[in-house]
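Novice: Compute the structure for the input listed below.
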Amino acid sequence: MNEISPQQLLNQIRALNAEITAPSPAVVDSAPDSGFGDLLRNSIDEVNDSQNTAKALKHAFETGTGDASLAEVMIASQKADLSFRAMTEVRNKLVTAYQEIMNMPV
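Specialist: You can find the predicted model right below:
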């Protein structure tokens, strides 16, 4: 199993974040500043969407009902896996930070 260094993971997260937050000409976000909860919820929804897309492509490839190639299926699966791992790391950091705050003396 390949070991991913924290710096590599951070670079991948930053690259994905830049890709996600890059303004798209077709979509204009007119919502006011949202809170951390909304940001977290949207991020989880995006990870879920990538997982569902990868699952649908896998199913279409396995059954031969779609025009998905093996390369497209593998890329979608890897993107979904990477986004899930990144979300898990963020969750772990949030839990650690919460535990540290709760253990602070008052």
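
Novice: Which residue is the nearest non-sequential neighbour of residue 65?
Specialist: Nearest residue to residue 65, sequence neighbours excluded (C-beta to C-beta, 6 or more residues apart in numbering): residue 59, at 8.0 Å. All C-beta atoms are positioned from the backbone trio N, CA, C, and that covers glycine.

Novice: Just the buried residues of the helix or strand encompassing that neighbour, please?
Specialist: Using DSSP states H and E, the element containing residue 59 is helix 36-63. Using 16 or more other C-beta atoms under 10 Å as the test for burial, helix 36-63 gives 43, 47, 50-51, 54, 57-58, 61.

Novice: From these, pick the one nearest residue 97.
Specialist: Ranking the buried residues of helix 36-63 by separation from residue 97, with C-beta to C-beta as the measure, puts residue 43 on top at 16.4 Å.

Novice: residue contacts, the nearest residue to the closest one once chain neighbours are set aside?
Specialist: Spatial nearest neighbour of residue 43, chain neighbours left out: residue 87 (6.7 Å); criterion: C-beta to C-beta, 6+ apart. When contacts are counted by C-beta atoms under 8 Å, 6 or more residues apart in numbering, residue 87 touches 43-44, 47.

Novice: quick one on the thing from earlier: how about the buried residues of helix 36-63, which pair is most distant?
Specialist: 43 and 61 (27.3 Å).
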